[in-house]
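Enquirer: Sharing a sequence plus its predicted fold:
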Amino acid sequence: MAKQRIVLVEDDEALAEVLYSELTGADFEVFPAFDGEEGLKQVKEKKPDLVLLDLILPKMHGFDVLAELKKSPYTQKIPVIILTLLGEDEDIKKGLKLGADDYIVKSSHAVAEIIEKVKNFFAKESHPQAK
C-alpha cells in the first residue's frame with residue numbers, strides 16, 4: 001500500500017524538522033516547503049493526500065496559498081489543515097471559509113497531538129484516501 005503523501009508548508013525550520021521526523025516515523029511520505037510559493041509549487045507537483053499549511057510564511061501568506069489551491073481544479077479537492085500561531089476567531093473563520101478542513105493553533109497543541117490529528121484525519125471513513 002502506498003504511503004499517504006503530505007506537503008508540509010512551515011517556515012520555522014526547527015518545527016518543520018520535528019514534524020517531518022514525526023510524520024515520516026508515522027509512515028507518511030512528507031514533502032517540506034519553507035515558504036508559500038514553494039508550498040504551492042510542491043502541492044501542484046506532488047498532488048499530496050493532505051497539506052499542512054502554516055499561515056505566516058515568507059513570499060506568500062498561507063491564506064493566499066489556500067485561496068490559490070482552492071480555486072485550481074487540479075488542487076481544489078486536496079484537503080488542507082492549517083497549522084499556525086494565529087488563534088483569533090477571525091483567522092479561524094477565514095481559514096475555514098477559504099476551504100481548510102481543519103485549523104490547529106500550534107501553541108495549543110503538542111507535536112504528538114498534531115501527529116495524532118493527522119492520523120485521525122486519514123482514519124476517518126469519510127476521507128477518500130482512508131484505507
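Expert: In hand now; what should we look at?
Enquirer: what's the least confident helix or strand in the protein, going by average pLDDT?
Expert: Lowest on mean pLDDT, DSSP states H and E among the helices and strands of the chain sits helix 111-123, with a mean of 91.
Enquirer: What residues of that helix count as buried?
Expert: Residues 114, 115, 118, 121, 122 are the ones in helix 111-123 that count as buried (16 or more other Cβ atoms under 10 Å). Every residue, glycine included, has its C-beta placed from N, CA and C.
Enquirer: quick one: the third one and residue 79, what's the gap?
Expert: Just to be clear, that refers to residue 118. 10 Å (Cβ to Cβ, to the nearest Å).
Enquirer: Which neighbours do those two have in common?
Expert: residue 50 (Cβ atoms under 8 Å, 6 or more residues apart in numbering).
Enquirer: Mind listing the residues bridging to the residue nearest in space to the middle of the chain?
Expert: Centre of the chain computed as the mean C-alpha position; nearest residue by Cα atoms, centre = their mean is residue 52, 1.1 Å away. Beta bridges link residue 52 to residue 8, residue 81, judged by DSSP bridges.
Enquirer: ok, so what distance separates it from residue 27?
Expert: Residue 52 is 16 Å from residue 27, by Cβ to Cβ.
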